[in-house]
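Q: Whatever this is, show me its structure:
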Amino acid sequence: MNETPPTSGKDPLSKTLREWKIEASLPPGFQAQVWRRIEAAETTRADVSFGAWLVSLMQGLVRPKFALAYVTALLMVGLTLGYWQSERRTAEWDSAMAGRYISAVDPLQQTR
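A: As a prediction, the model looks like this:
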């Protein structure tokens, strides 16, 4: 791999860039403001506990659209879990009833 050696000042752009000095000054209190912003960002990021989540949820429930979406989601989860539970119990009941029917028709037949 060939590397080009640095120019020895023959390039006018290199010469201009080396002579260029920044004369702008920072506004007063700039560094303190930067550190304040960094501390605020770390404090906000560090507060991810359950309590903070619960507070943000309660603040969101004040808005009607968010509250409606939350209640709808809870209702859908409840209906899904209820349906799943009823399907499981119905299957158990059907199996038990089939065994009882077989015993009623033929008492000598063994049931599970």
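Q: which regions of this protein sit below the pLDDT cut-off?
A: 1-9, 44-48, 110-112 (pLDDT under 70).
Q: I'd say Ser103 and Met97 touch.
A: No. When contacts are counted by Cβ atoms under 8 Å, Ser103 is not listed as touching Met97 (10.6 Å). C-beta: built from backbone N, CA, C; applies to glycine.
Q: The two: which has the busier surroundings?
A: Ser103 (13 against 10; other Cβ atoms under 10 Å).
Q: any idea where the helices of the protein begin and end?
A: 12-19, 30-46, 50-60, 64-105 (DSSP state H).
Q: quick one: Pro28 from Ile22, how far?
A: 18 Å (Cβ to Cβ, to the nearest Å).
Q: out of those two, which sits in the busier spot?
A: Pro28 (8 against 5).
Q: Next up, phi/psi of that one, please.
A: phi -60, psi 140 (degrees, to the nearest 10).
Q: Return the residues in contact with it.
A: Counting by Cβ atoms under 8 Å, 6 or more residues apart in numbering, Pro28 touches no other residue.
Q: Give me the distance between it and Thr72.
A: From Pro28 to Thr72 the distance is 53 Å (Cβ to Cβ).
Q: what do you get for Ile38?
A: Counting by Cβ to Cβ, the gap from Ile38 to Thr72 is 40 Å.
Q: just checking, Leu61 touches Tyr70?
A: Yes. Contact status for Leu61 versus Tyr70: in contact at 6.4 Å, counting by Cβ under 8 Å.
Q: so what's in contact with these two at the same time?
A: Between them, Leu61 and Tyr70 share no contacting residue, judged by Cβ under 8 Å, 6+ apart.
Q: okay, now Ile38: neighbour count?
A: Ile38: 10 neighbours (other Cβ under 10 Å).
Q: All good on my end, thank you.
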